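> Build me a model:
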Amino acid sequence: MCAPPDPGEGRRHGGIGGGKREGETAPVTRNYPGWIIGARVLGTAALVGALALSLQPRPDMLWLGGVLIAAFLVLRLGAAWFLALRFPDPAGLNRRSAILTSVLALAAVAFWFYVRSRGAGGL
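This is a model prediction of the structure:
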């Protein structure tokens with residue numbers, strides 16, 4: 001009935017665009033350990049928790065925000081730099097990602113200190 005046209009010999013590899021064209025390299029497959037994604041998610045959750053604690057400060061919980069920020073830095077930056085150092089790629093994408101993650105993490109920590117010093121009403 002309505003069969004799609006035969007893609008031809010050069011386009012049988014599938015994917016967007018139909019496959020590899022002349023002069024292109026093969027797609028990069030990323031086989032990273034699963035804990036890296038988990039560490040990134042937990043690090044982000046720790047940052048959100050630290051910001052939430054800063055917006056509702058309680059005298060008995062002041063230390064918990066610092067612990068959560070430290071956990072954010074260790075988990076998020078540790079995962080990014082582990083990936084950059086253990087799985088280098090020719091284009092340097094993992095290294096650039098780790099540098100950008102470091103800059104954004106420092107900005108997030110600076111924002112946390114600002115929120116903590118000003119309190120919830122200072123925003």
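
> Only C-alpha atoms from now on, for both contacts and neighbour counts.
Will do.

> which residues in the protein form helices?
Along the chain, counting by DSSP state H, helices occupy 34-55, 62-72, 78-86, 93-118.

> remind me which residues of this protein are low pLDDT?
Within the chain, the stretches with pLDDT under 70 are 1-30, 120-123.

> show me what contacts the spatially most central residue of it?
Closest residue to the average C-alpha location of the chain: Arg40 at 5.8 Å, with CA atoms, centre = their mean. With contact taken as CA atoms under 8 Å, 6 or more residues apart in numbering, Arg40 is in contact with Leu75, Arg76, Ala79.

> Any figure for the gap between it and Val115?
From Arg40 across to Val115, the span is 23 Å (CA to CA, to the nearest Å).

> next one: Ala50
Noted for Ala50: a distance of 10 Å to Val115, by CA to CA.

> Tell me which of these two has more neighbours.
A count of neighbours by other CA atoms under 10 Å puts Ala50 above the other of Ala50 and Val115, at 24 against 19.

> pretty sure the more buried one contacts Leu62?
No - checked against CA atoms under 8 Å, the pair Ala50 and Leu62 is beyond contact range at 9.9 Å.

> Against Ser102, how distant is the closest residue to Pro57 other than its chain neighbours?
Leaving out its chain neighbours, the residue that sits closest to Pro57 by CA to CA, 6 or more residues apart in numbering is Gly119, at 7.6 Å. Distance from Gly119 to Ser102, counting by CA to CA: 25 Å.

> Alright, I will stop here.
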